[in-house]
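Chemist: pasting the structure only:
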């Protein structure tokens, strides 16, 4: 039976990942994610060398994070991309564009408040979910063998 | 002599495109862009059928806009992706991810105020420019035959 | 020993899938399929939001179904694409074109009555089978180690 | 200025191609098409050898037609895919699937009567047009430089 | 109007290329070919260094020839691949396999005497022509605008 | 430990495959092959329909065989391609071209008598072996972990 | 849990590979490498035929080594590319370029003395590590599930 | 007539590029190159922001240079890659690996003194030239229409 490999991209301040993982416990799915600890993620490259300038410190850490995120996206079957209402979350939109260019299926997860700024990202998504429970229902539907 | 095809993605409320086009007038470059009139862009699909629901109205218009943007990005040599300080501009980050997956060079253009939220987008960019003039200098440098 | 991953696309009103799966029981093959329950398939996206307009209701459900079908086709070794004599079944022909562009082998399964309208689809197929038993014989032949 | 290369796929019994070409006369577009003369198309391979069996006669002709259609689709920027209400037109749906796998933009053109059987084809299209005039408006919008 | 770029691969001992080029004089086509002078081709790498061993002399020349053939095949729209009845002509079959993997259309040109050993090459071809005149008719058919 | 998947293409009249499989028994390799029974291979498509004409009978069988060969080549890590001194064996050269276009490593196996006609095929190979024992040594070398 | 496949490219005169493998013992990673015994590597093709000329002897051996290296790089998730301060090590830079074209993540490992000549290689790397311990920390960070 | 687009990569301290361009004056070729002024190249990113740290200054400039080099390599038909006897020239080897992964033809140009460290780079090249004149002869041979 096919094991689906699902990448959970985006917002890190709520427990949406845990809810989805919980709700899919009995399904043939494996989840992967970026590092979701904000401080760890920002410091991902710090041990490679201290950098005063904030642009290049961020640059170094982002590239280290990209080792993880780029590789996991390239090998996933499906991505779920979560946008909270706060913050810019440009990395999440970047991941959506990356998936789209590779013809890789992705679902967006966000509230109705931000549908207008997300219209281009949603246009290429294969589903828009408003809640983690919506996502769980989609996953259950698509991964359950006939 | 190679004619460079440069796609100008992102923010539509300032005249950064005009500045770049002006500054590159004597170079072997052609510029393309998304439709930059906000109202036209939002209404891009309206003549295909009236839709009450704002999500699906946006969906229809975004897909029409994608005919233009996806095709122009796929055929460009270089993209310049502009982030203003306001607005979400997730479409711009989406374009950056799309370019990255295709191994297509892109430059970001944004102020220092937003380097932290743009760190993943900048990490895959081949240059970060703070002003249109910076972009012009990069373009001049890269397109001028030896 | 290589396990072949075979996608069964198309008509959902007869038991051709069961016949093939039954007949291949002893072979190193795994079968995948779209959701074949007509009502479930049409309603695939309904829990994401009620839509009056039939075009957009279909659109939402079709995209959810595409998460499954596009991903399974991308990862299959071989597709069997069944056309019944009734109905339009444009999705089946769409799957054939998708396979062809990816250089992925597919077999068509249909009666002699519809060979003329299927000529372009058959031209790119690697075999035309008239019965599930024909398909079983092809699969047995191609997957059995020397 | 970018010259758009647009492929017109599908139905051959009405003059929709002429209408679109007429309406786009002043735009930077070039149109290509399959051979649209039904008898010529069916006989495309006949001079390569007479074949009694209708399946193989069709096969031979379809492959000759594929030299044209596959090559033109691979090199187009955009496809318009027309479905009439009669006939199977599986070749048109095949072309849509082919475009989708290559991440190539396509528009469907069909009446509201057949939206349900075309839902999978429409889901991956970037626009659904009901009339040639709708198509012309979309093309004008997407190809006109900013 | 699209200019078709057609690569003429294979046998070099008869004037089939000239016949085809002559017959297509009025069509929007450009022809390319490998170097067809046998001695020049065998000596293609000799000026890079004298090699006693026949395997490595052939190796050096074949690689130089591959600069031309591989690049021209990668950029052609269609290949015509000619097999004479004598000689091994493995390079021609190699070119057919190369085209097939890239989903590039090719036509074979050979007599009926060798259809059995060419069956795998013909299976992936989009047409089998017996004479240069057959090829000309196919080319005329596929390149003539509707 | 990586399991190498090796495809054995070409000549079917000697026991070179058995010798290689025997010699690699203790290595982390799996071998796949086309159907090597000449009569079975020629008749691969016969049960799909009787065809008088030898070209189309061959065509039908070759396409069925291609389901196996194309899929196995696409998923192999390495191909060994054997040319005997007799017969045309254009299918073997076709497989070499297919591998080359996909940047997939292949080794040729043939005697010194035919190095001149195989020069283009050898030029893109990563090794030329004269005997099955040569091939075994290469495989042992490349698959043994450091 | 995803098992990461990591390719260790480059310098063979120090024990950096052992240090990294040791340090990653408890992580879900598998390491692959080129043949790191200098003499074996130089002689990789010798059993295929004795060659006087040093260029062609090297050529033959390098191609045999490429069977291993090209295949392992194509299937790895991440490459670590080590440059010592001595020797040319152009093969290591070649591997970096190969990874870059495939959008495959790689880390460089080298001292600060050679950052200027490695600037183009580092520019496309996702991290620069100065010591094996730096590499271990990056690997631990990127492969540890959230 | 096909215009060949040839990229000249590598060493910048001798006039090999001028010699080749001179020698090919009457051929249908266009040459492109990286920026070959050492100081300009090192300072390519300086106007984007002053950086004390030499690693990040180099990083910024290398990425700007990559806009040019990556784009020109992706669109060339053939690359000539020159290695002098001094300096590390890892960027040249990087370009070779990049070409190889894209199946793009390249020629190396270097003296016999450095064939051993260049053996992996030469193995994937389609020719090794010792002098600019050798390169000119190869180019003349491959681009001259039959």
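Modeler: Happy to help now that I have it. On a predicted model such as this, the values are computed, not experimentally measured, just so you know. Numbering: from 1, shown residues only, chains lettered A, B, ... in the order given.
Chemist: only C-alpha atoms for contact and neighbour calcs from this point on.
Modeler: Fine.
Chemist: Checking my notes, residue A:97 in a helix, right?
Modeler: Yes - counting by DSSP: H, G, I helix; E, B strand; the rest coil, residue A:97 falls inside a helix.
Chemist: and it, what does it touch?
Modeler: Counting by CA atoms under 8 Å, 6 or more residues apart in numbering or on different chains, residue A:97 makes contact with A:121, B:93, B:94, B:95, B:96, B:97, B:98.
Chemist: out of these, which is most surrounded?
Modeler: Ranked by the number of neighbours (other CA atoms under 10 Å in any protein chain shown), the contacts of residue A:97 place residue B:96 first, at 35 neighbours.
Chemist: Apart from its chain neighbours, what residue comes closest to that one?
Modeler: residue A:94 (6.1 Å; CA to CA, 6 or more residues apart in numbering or on different chains).
Chemist: so is that neighbour in a helix, a strand, or just coil?
Modeler: Per three-state DSSP, residue A:94 ends up helix.
Chemist: isn't it right up against residue B:119?
Modeler: No - contact criterion CA atoms under 8 Å: residue A:94 and residue B:119 do not qualify, at 11.0 Å.
Chemist: Can you get me the start-to-end distance on stretch A:20-35?
Modeler: 17 Å (CA to CA, to the nearest Å).
Chemist: And stretch A:87-106, by the same measure?
Modeler: OK, stretch A:87-106 end separation, CA to CA: 21 Å.
Chemist: which residues in chain A form strands?
Modeler: Remark: strands assigned in chain A by DSSP state E are A:4-10, A:29-32, A:78-82, A:105-109, A:127-129.
Chemist: out of the ones you listed, nearest to chain H?
Modeler: strand A:105-109 (25.7 Å; CA to the nearest CA).
Chemist: hang on, the earlier thing: which one of the contacts of residue A:97 sits closest to chain D?
Modeler: residue B:98 (11.6 Å).
Chemist: Please work out which residues outside stretch A:13-21 touch it.
Modeler: With contact meaning CA under 8 Å, 6+ apart, stretch A:13-21 is reached by A:8, A:31, A:132, A:133, A:135, A:136.
Chemist: what do you get if the cut-off is 7 Å, keeping everything else the same?
Modeler: A:8, A:132, A:136 (CA atoms under 7 Å, 6 or more residues apart in numbering or on different chains).
Chemist: And stretch A:68-81, by the same measure?
Modeler: Contacts of stretch A:68-81 with the rest of the structure, by CA under 7 Å, 6+ apart, involve A:4-10, A:34, A:92, A:104-109, C:71, G:77, G:142.
Chemist: In chain A, what residue comes closest to chain D?
Modeler: For chain A, CA to the nearest CA, closest residue to chain D: residue A:103, 7.0 Å.
Chemist: quick one, phi/psi of that residue?
Modeler: Note on residue A:103: its backbone torsions stand at phi 60, psi 40 [degrees, to the nearest 10].
Chemist: what number of residues lie near it?
Modeler: By other CA under 10 Å, 17 other residues sit near residue A:103.
Chemist: I'd like the distance between the closest residue to it other than its chain neighbours and residue A:31.
Modeler: Leaving out its chain neighbours, the residue that sits closest to residue A:103 by CA to CA, 6+ apart is residue D:103, at 7.0 Å. Distance, residue D:103 to residue A:31, using CA to CA: 26 Å.
Chemist: Check residue A:43 too.
Modeler: According to CA to CA, residue A:43 stands 24 Å off from residue A:31.
Chemist: more neighbours, those two?
Modeler: residue A:31 (21 against 18).
Chemist: follow-up on the earlier one: would you format the strands of chain A as JSON lines with mean pLDDT and distance to residue F:125 included?
Modeler: Listed next are the strands of chain A as JSON lines, based on pLDDT from 0 to 100; distance: least, CA to CA, whole Å:
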{"stretch": "strand A:4-10", "mean pLDDT": "98", "distance to residue F:125": "36"}
{"stretch": "strand A:29-32", "mean pLDDT": "97", "distance to residue F:125": "39"}
{"stretch": "strand A:78-82", "mean pLDDT": "98", "distance to residue F:125": "37"}
{"stretch": "strand A:105-109", "mean pLDDT": "98", "distance to residue F:125": "37"}
{"stretch": "strand A:127-129", "mean pLDDT": "98", "distance to residue F:125": "46"}
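Chemist: burial of the residue lying closest to residue A:123 once chain neighbours are set aside, as a residue count?
Modeler: In space, and not counting its chain neighbours, residue A:123 is closest to residue B:59: 5.4 Å by CA to CA, 6+ apart. For residue B:59, the neighbour count with other CA under 10 Å is 26.
Chemist: Is residue B:59 in contact with residue A:125, as I believe?
Modeler: No - contact between residue B:59 and residue A:125 fails when scored by CA atoms under 7 Å: they sit 10.3 Å apart.
Chemist: Where does the prediction get shaky in chain A?
Modeler: Chain A contains no residues with pLDDT under 70.
Chemist: Take the contacts of stretch A:68-81 and, keeping just the buried ones, write it as a PyMOL select command.
Modeler: Burial among the contacts of stretch A:68-81 is assessed by 16 or more other CA atoms under 10 Å in any protein chain shown; the matching PyMOL selection reads:
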select buried, (chain A and resi 4+5+6+7+8+9+10+34+92+104+105+106+107+108+109) or (chain C and resi 71) or (chain G and resi 77+142)
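Chemist: In chain A, what residue lies closest to chain F?
Modeler: At 16.2 Å from chain F, residue A:75 is the closest residue in chain A, using CA to the nearest CA.
Chemist: Spit out the residues that contact residue A:94 and residue B:119 alike.
Modeler: With contacts defined as CA under 7 Å, 6+ apart, no residue is shared by residue A:94 and residue B:119.
Chemist: can you tell me how far residue A:113 sits from residue B:54?
Modeler: Here the distance between residue A:113 and residue B:54 works out to 11 Å (CA to CA).
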